[in-house]
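Student: Fold the following for me, if possible:
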Amino acid sequence: MRTMRLVPAGILACLALLSLGPDVSGRPPRLGGQNEQEAPPVEKPATGEGQTKPARQWQWSFSVRNRTGLRLDEPRVLQMSRTVVDGKGIYKLSDNWRLTLEARAHYDPVERLGYPKKPWLDPRQVLLDSKFKGIGFSLGLQQIVWGQADGLRVLDVINPLDYREFILEDFLDSRRPLWAIRTDIPAAGGSLQVIWIPYFAPGRLPGAENEFSLGSSFGLGLISAALGEKPVPVSIRTVEPARRPHYRLGSSQAGARYARSFGHWDFTVNYFRGWEDAPTPYLGGIAEVTSSGVELNIAPRFDRKTVYGGTAATNFGPVVFRTEAGWHSGKSTAVNQFPPRSGFEKLGQFYGVVGLDYSPSAWIWLSGQYFLSFASAPERVLLFPRYNHLVSIFARTNFFRETFRPEMFVLTGLNQRQYMVRPRVSRSFGDHWSASIGADFLGGNPITPFGYFSTRDRLVVEMKWAK
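Tutor: Below is the predicted model of the structure:
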């Protein structure tokens, strides 16, 4: 099963907790906190006399797809017609060295999601991999994925996301690659992964006028909805440009993950210090106090994030059990303040998930997850509920030699009214062509991300050619 994510406004527990994306294709669960990025080449002994050297040649793959979305709520309009061309080449330099190049070209003439008005090229991988004396080394533009959660973001916090399609795009597509150094070192019976990212890169956010905008500053719409329920009306007058970290060594990001197996269990311990991929909309001052309420100026800025956590996974025959927990230290959290000051306080936040996957036969796959998040402060000081409980259920089947695949993903809140329902049917034709039709239904309390977009239900048709 693929992964899914949502909006990280360093502002709301409900946003960070819903770091969901749409990747519910049903791939088998990962054990041992394995990354989705390709593993370094397998180390082989040096070529001696009488041995044939490996052929050095490119291996290419290409795909062309179009995703067209129609909004189901009034006014019924085309939401997108995105054409995406992907190309990927792998060149084996030697037994222990490999070069991977990948790029993507986009075009969306509908112009409702915030993508450029002209075709644009997006590099996805420029990666040199090697393995020497058991040590894996990866240098270049890449994605680094941690964790066991499917559809929920707990420890998978390294690469920023593209939120212009909310969380409704395939997670592998919405994740923004970063230039990084990654090493995997055998250590104490396990493996130690160390990463370093020398710069800051933000998430790609929709504009205030776009289909999935969350306000004039990302996430500000949810805060405004929550403030609208207060006795004293509060409104936003101005929003300053977001303040970004400087491009210097002190703004770099780094992390480490130790993975080891004990018996039938796979464990990891994780640490990452980086940057939030969306700015926190801090209060920049009170513009005016009138008889009708308070008008505020907003001064967004990107905050540091520090995450500690771990994962565990095992299987019992056809059942896979997995769990993941993370503690975000000093995360900016929206609080009740009157008179308002900054609007946020640095609090600890816990995120955890427990999941079960069950495949009783080759044609059906079932998965369920429970997710909990809470802030280290009493309910009375928080703008949003302290606790957030979510449950997700995913079912996928396949028929006719895996050429016809119906699936259904449902996510619902237990203590807050919010939901996302995503049915989809896909069909493959021969070796190269496939088509799918699906829908995205969102709803709930307007102070939750799904409720905020309750008028954005849509039908999506996709055609794809791959070689």
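Student: drop to CA atoms for contacts and neighbour counts, all remaining ones
Tutor: Noted.
Student: Within its sheet, name the partner strands of the top strand by length along the chain and how each one runs.
Tutor: Longest strand of the chain, by residue count under DSSP state E: strand 344-361. The sheet places strand 344-361 alongside strand 319-334 (antiparallel), strand 364-375 (antiparallel), with pairing taken from DSSP bridges.
Student: deepest of those strands, which one?
Tutor: strand 319-334 (a mean of 22; mean count of other C-alpha atoms under 10 Å).
Student: quick one: that strand to chain centroid distance?
Tutor: 14 Å (C-alpha atoms, centre = their mean, to the nearest Å).
Student: Quick one: mean pLDDT over it.
Tutor: Averaging pLDDT along strand 319-334 yields 95.
Student: do you know how far residue 64 is from residue 417?
Tutor: According to C-alpha to C-alpha, to the nearest Å, residue 64 and residue 417 sit 38 Å apart.
Student: what do you get for residue 147?
Tutor: Taking C-alpha to C-alpha as the measure, residue 147 falls 27 Å from residue 417.
Student: Neighbour count for the two, which is higher?
Tutor: residue 147 (29 against 15; other C-alpha atoms under 10 Å).
Student: So what does that one look like in phi/psi?
Tutor: phi 110, psi 170 (degrees, to the nearest 10).
Student: For the remainder of this discussion, apply numbering that starts at 433.
Tutor: I'll keep to 433 as the first residue from here, and by that count the last item is residue 579.
Student: I figured it was touching residue 745, is that so?
Tutor: No: using C-alpha atoms under 8 Å, residue 579 makes no contact with residue 745, being 10.2 Å away.
Student: Would you mind listing where this protein has pLDDT under the threshold?
Tutor: 433-471, 474-488, 648-653, 655-666, 723-724, 770-772 (pLDDT under 70).
Student: I figured residue 875 hits residue 848, correct?
Tutor: No: distance between residue 875 and residue 848: 11.2 Å, which falls outside the contact criterion (C-alpha under 8 Å).
Student: Neighbour count: the two, which is higher?
Tutor: residue 875 (21 against 17).
Student: Tell me who's in contact with the more buried one.
Tutor: Going by C-alpha atoms under 8 Å, 6 or more residues apart in numbering, residue 875 touches 850, 851, 852, 882, 883, 884, 885, 886, 887.
Student: how far is the helix or strand hosting it from where the chain is centred?
Tutor: Element membership of residue 875, judged by DSSP states H and E, is strand 865-876. Distance, stretch centre to chain centre, for strand 865-876: 18 Å (C-alpha atoms, centre = their mean).
Student: now swap in stretch 716-731 and tell me
Tutor: 34 Å.
Student: quick one: buried residues of it?
Tutor: 716, 718, 726, 727, 728, 729, 730, 731 (16 or more other C-alpha atoms under 10 Å).
Student: Can you give me the distance of the first one to residue 767?
Tutor: In this structure, residue 716 and residue 767 are separated by 15 Å, where distance is defined by C-alpha to C-alpha.
Student: Ok, the last one next?
Tutor: With distances taken as C-alpha to C-alpha, residue 731 is found 16 Å from residue 767.
Student: who are the neighbours in contact with residue 778?
Tutor: Applying C-alpha under 8 Å, 6+ apart, the residues near residue 778 are 762, 763, 764, 765.
Student: Could you measure from it over to residue 676?
Tutor: From residue 778 to residue 676 the distance is 18 Å (C-alpha to C-alpha).
Student: Would you map the helices across the stretch 433-582 of the chain?
Tutor: 445-449 (DSSP state H, counting those that start in this stretch).
Student: ok, now the stretch 583-732 of the chain?
Tutor: Going by DSSP H, counting those that start in this stretch, the stretch 583-732 of the chain shows helices at 603-606, 652-659.
Student: Can I get the shortest one in PDB? Just the C-alpha atoms.
Tutor: Right, the one you point to is helix 603-606. The C-alpha trace of helix 603-606 is given here as PDB (Å, rounded to 0.1, in the frame of the first residue of the first chain):
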ATOM      1  CA  PHE A 603       2.300  10.500  -2.500                       C
ATOM      2  CA  LEU A 604       5.400   9.600  -4.600                       C
ATOM      3  CA  ASP A 605       4.400  12.400  -6.900                       C
ATOM      4  CA  SER A 606       3.600  15.000  -4.300                       C
END
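Student: what helices or strands is that helix leaning on?
Tutor: Under the contact criterion of 3 or more C-alpha pairs under 8 Å, 6 or more residues apart in numbering; DSSP states H and E, helix 603-606 touches no helix or strand at all.
Student: Same question for that helix: list its buried residues.
Tutor: 603, 604, 606.
Student: Looking at those, which is nearest residue 525?
Tutor: residue 604 (26.2 Å; C-alpha to C-alpha).
Student: quick one: that closest one from residue 575, how far?
Tutor: Counting by C-alpha to C-alpha, the gap from residue 604 to residue 575 is 9 Å.
Student: With residue 531 instead?
Tutor: 15 Å.
Student: One more: residue 548?
Tutor: The value you get for residue 548 to residue 575, if C-alpha to C-alpha is used, is 23 Å.
Student: Which one's more surrounded, those two?
Tutor: residue 575 (21 against 12).
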